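Student: Here is the input, now give the coordinates:
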Amino acid sequence: MKTFTGSVIKDQSFFMLGFGLLMGLIFPFFTIWLLKLPASRVLTPLYFSMCILAGLIVGICNYFIFRSVVYRFLSNLANRMILFQQKLEAHRTSPDLESSC
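Tutor: The predicted structure follows:
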């Protein structure tokens, strides 16, 4: 599977930040449409920047949640696979295996 950065976790972080940024850009227009707020109050630089900042914060939080859950699981799985490979290699090269045939 081809990745943008060579790391699935880095790609995931960019996607999460990008999605947070997109939500921050869309949210002001969504508030005008759904909440019927006046555009003069919503379409201000302060409101836009706060929405973008909130979106980026959500993206960063999602990355850390992902890292703490999925990355920890994958690291644990990789360590168990290495241990299994070492045990398999030790069993394969064991002299007891040859004498049992």
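
Student: Does Gly24 touch Thr31 like I think?
Tutor: No - between Gly24 and Thr31 there is no contact under CB atoms under 8 Å: 11.9 Å. For the C-beta atoms, the positions are set from N, CA and C on the backbone; glycine is no exception.

Student: and these two? which has more neighbours close in?
Tutor: More neighbours surround Gly24 than the other of Gly24 and Thr31, with 21 against 17 (other CB atoms under 10 Å).

Student: Can you name the residues that contact the more buried one?
Tutor: 51-56 (CB atoms under 8 Å, 6 or more residues apart in numbering).

Student: Can you name the helix or strand that it falls in?
Tutor: helix 8-35 (DSSP states H and E).

Student: buried set for that helix?
Tutor: By neighbour count on 16 or more other CB atoms under 10 Å, the buried set for helix 8-35 is 12-13, 16-17, 20-21, 23-24, 27-28, 31.

Student: Give the buried subset of the contacts of Gly24 as a ChimeraX selection command.
Tutor: Remark: buried members of these, expressed as a ChimeraX selection using 16+ other CB under 10 Å:
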select :51,52,55,56
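
Student: Now the contacts of Gly24 in CSV, please, with extra columns for pLDDT.
Tutor: Listed next are the contacts of Gly24 as CSV, based on pLDDT from 0 to 100:
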residue, pLDDT
Cys51, 94
Ile52, 94
Leu53, 96
Ala54, 95
Gly55, 93
Leu56, 93
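
Student: Among the contacts of Gly24, name the ones in helices.
Tutor: Counting by DSSP state H, these place 51-56 in helices.
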